[in-house]
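Engineer: Fold the following, please.
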Amino acid sequence: MRNDCRTIVVCVFLALAFAFGQISDVLASDTLPWLADPLLSQKKADRLITAGLRPPSCPDAPDLTHALHMNDVVIAALCHNPDTKAAYLNLLGQASTYVSNYSGYMPTVTATASDSRSATFYKGGIASGISKSYGVTAGLTLYDFGQREFKLEEADQALVAAGYSYDSTLQGLIASTLQAYFQLLTAQNNIGVTRELERYDKASYDAAALRHKIGEAPLSDVLQARGAYSQAKLSSEQAANTLTRDQAALALLMGLPASAPVTVAEVNDSELAGNPFGRQLSALMAQAREQRNDLKASRAQIAQSKASLAALRRSDLATLSATASFGQSNGALNVFNGESTRS
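Structural biologist: Presented below is the predicted three-dimensional model:
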């Protein structure tokens with residue numbers, strides 16, 4: 001009776017563990033959010049992001065019924081660009097990998113349980129057997145000559161490199177978005193100029209054709225005006241194509257479809273500084289070299305490689321572990337051939 005109770009307890013424990021694993025994803029997103037990140041890997045990843053690069057809140061898709069200002073374009077790109085989302089997910093993945101390295105310091109517990117029944121039919125009788133077993137094994141690594149420490153350092157440097165890479169991605173996206181903003185602004189102004197030139201050259205061509213018709217201008221003037229008018233039409237069409245291309249480029253950076261009708265507002269000239277750097281250009285360039293996130297990411301990757309090499313050099317050394325196990329196995333055999341025996 002005692003053995004049956006122990007077997008039932010172990011089976012109930014395994015069933016509860018399986019059920020908890022199935023519903024943890026649902027509870028993690030609604031009722032118990034800490035289940036999704038018990039070791040706070042996302043908070044550690046967020047601490048590696050340079051303050052001020054990400055907007056405090058991400059609005060919905062921008063309203064394209066009016067011209068977008070520079071801030072609207074940059075915020076939309078930071079919030080909805082697929083590259084920034086991929087870089088942030090990569091950062092979270094590195095954070096999860098980092099916290100998983102702490103498993104080397106934690107004990108491992110394995111529980112097993114089995115209950116089997118067999119029957120054998122032969123001439124003159126039946127043999128049936130029942131076997132029940134359960135066991136629990138626990139192990140803990142005591143010392144491994146620093147392999148766990150080097151693995152943690154390697155994961156830490158990889159996480160730092162991922163944080164700098166994410167910041168570098170954001171900075172590159174801001175620069176690309178501003179460049180696309182001014183390109184679209186130039187294209188919007190250029191198309192108005194080219195259409196005005198086309199209208200002017202058409203009027204010149206019509207006037208030359210009329211003067212030639214009444215005999216006041218030679219045919220060469222008409223042909224020259226016609227050539228200028230054709231060139232103006234071509235420039236106008238090229239400007240329209242450039243406008244469409246720049247609209248699509250900026251829309252893709254903002255995470256919108258390429259066909260989105262994006263327009264940008266004019267820049268207030270009074271807000272632009274005539275000489276924003278003053279006489280500090282050399283000092284600012286030196287500071288930029290020291291604070292470039294892509295260079296910091298490369299340095300962190302070098303440190304990661306050194307830690308990985310140190311761990312590899314000690315991987316062939318012995319590991320000291322402590323293991324404890326407990327188990328029990330019971331069996332019964334019944335033979336029916338006119339008589340019954342049990343063992």
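
Engineer: following the helix or strand containing residue 150, which helix or strand shows up next?
Structural biologist: Assigned by DSSP states H and E, residue 150 belongs to helix 147-213. Next along the chain after helix 147-213, taking DSSP H and E as the criterion, comes helix 219-253.

Engineer: quick one, that next one and helix 147-213 angle?
Structural biologist: Put simply, helix 219-253 runs at 160 degrees to helix 147-213, going by axes from the mean of the first three to the mean of the last three CA atoms, to 10 degrees.

Engineer: Identify each buried residue in helix 219-253, please.
Structural biologist: Applying a neighbour-count criterion of 16 or more other CB atoms under 10 Å, one finds 221-222, 225-226, 228-229, 232-233, 235-236, 239, 242-243, 246-253 buried in helix 219-253. From N, CA and C alone the C-beta is placed, and that goes for glycine too.

Engineer: Quick one: mean pLDDT for that helix?
Structural biologist: Averaged over helix 219-253, pLDDT sits at 89.

Engineer: Also stretch 169-184?
Structural biologist: Mean predicted confidence for stretch 169-184 is 89.

Engineer: Residue 162 versus the residue lying closest to residue 292 once chain neighbours are set aside, what's the distance?
Structural biologist: Nearest in space to residue 292, with sequence neighbours left out and distances taken as CB to CB, 6 or more residues apart in numbering, is residue 168 at 7.6 Å. Note on residue 168: its distance to residue 162, by CB to CB, to the nearest Å, is 11 Å.

Engineer: between those two, who's got more neighbours?
Structural biologist: residue 162 (25 against 18; other CB atoms under 10 Å).

Engineer: If I look at the more buried one, what pLDDT would I see?
Structural biologist: pLDDT, residue 162: 79.

Engineer: residue contacts, the closest residue to it other than its chain neighbours?
Structural biologist: Closest residue to residue 162 in three dimensions, ignoring its sequence neighbours and counting by CB to CB, 6+ apart: residue 94, at 4.0 Å. Counting by CB atoms under 8 Å, 6 or more residues apart in numbering, residue 94 makes contact with 45, 155, 158-159, 162.

Engineer: re the thing from before, which helices and strands does the helix holding residue 150 pack with?
Structural biologist: In terms of contacts (3 or more CB pairs under 8 Å, 6 or more residues apart in numbering; DSSP states H and E), helix 147-213 is packed against helix 41-47, helix 70-80, helix 82-100, helix 219-253, helix 293-313.

Engineer: By mean pLDDT, flag the weakest helix or strand of the chain.
Structural biologist: strand 340-342 (a mean of 44; mean pLDDT, DSSP states H and E).

Engineer: quick one: low-confidence parts of the chain?
Structural biologist: Residues of the chain meeting the criterion pLDDT under 70: 1-57, 124, 269-279, 281, 288-291, 293-294, 318, 331-343.

Engineer: how does it look with 90?
Structural biologist: Applying pLDDT under 90 to the chain picks out residues 1-175, 189, 191-226, 228-233, 235-238, 240, 254-343.

Engineer: give me the element residue 326 is part of.
Structural biologist: Applying DSSP H and E, one finds residue 326 within strand 320-336.

Engineer: got it, and residue 267?
Structural biologist: Applying DSSP H and E, one finds residue 267 in no helix or strand.

Engineer: Then residue 139?
Structural biologist: Counting by DSSP H and E, residue 139 is part of strand 125-143.

Engineer: Which of the residues in that strand are classified as buried?
Structural biologist: Those would be 132-134, 141, for strand 125-143 by 16+ other CB under 10 Å.

Engineer: Show me which pair in these is furthest apart.
Structural biologist: 132 and 141 (32.0 Å; CB to CB).

Engineer: what does stretch 73-81 rub up against?
Structural biologist: 53-55, 58-59, 61-62, 68, 84, 170, 173-174, 177-178, 180-181, 250, 253-256, 264.

Engineer: any idea how far the residue lying closest to residue 247 once chain neighbours are set aside lies from residue 184?
Structural biologist: In space, and not counting its chain neighbours, residue 247 is closest to residue 262: 4.9 Å by CB to CB, 6+ apart. From residue 262 over to residue 184 the distance is 7 Å, taken as CB to CB.

Engineer: which residues do those two both contact?
Structural biologist: With CB under 8 Å, 6+ apart, residue 262 and residue 184 have common neighbours 247, 250.

Engineer: hang on, residue 132 packs against residue 329?
Structural biologist: Yes: if you go by CB atoms under 8 Å, residue 132 and residue 329 touch, sitting 7.2 Å apart.

Engineer: Make TSV out of the helices and strands packed on helix 147-213 and add distance to residue 107.
Structural biologist: Listed next are the helices and strands packed on helix 147-213 as TSV, based on distance: least, CB to CB, whole Å:
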stretch	distance to residue 107
helix 41-47	21
helix 70-80	43
helix 82-100	16
helix 219-253	50
helix 293-313	21
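
Engineer: quick one: which of these is nearest residue 111?
Structural biologist: helix 82-100 (21.7 Å).

Engineer: the inter-axis angle of that closest one versus helix 147-213?
Structural biologist: 180 degrees.

Engineer: any idea how far helix 82-100 is from the chain center?
Structural biologist: Helix 82-100 sits 6 Å away from the centroid of its parent chain (CA atoms, centre = their mean, to the nearest Å).

Engineer: Please apply the same query to stretch 241-252.
Structural biologist: The answer for stretch 241-252 is 26 Å, by CA atoms, centre = their mean.

Engineer: Cool, thanks, talk later.
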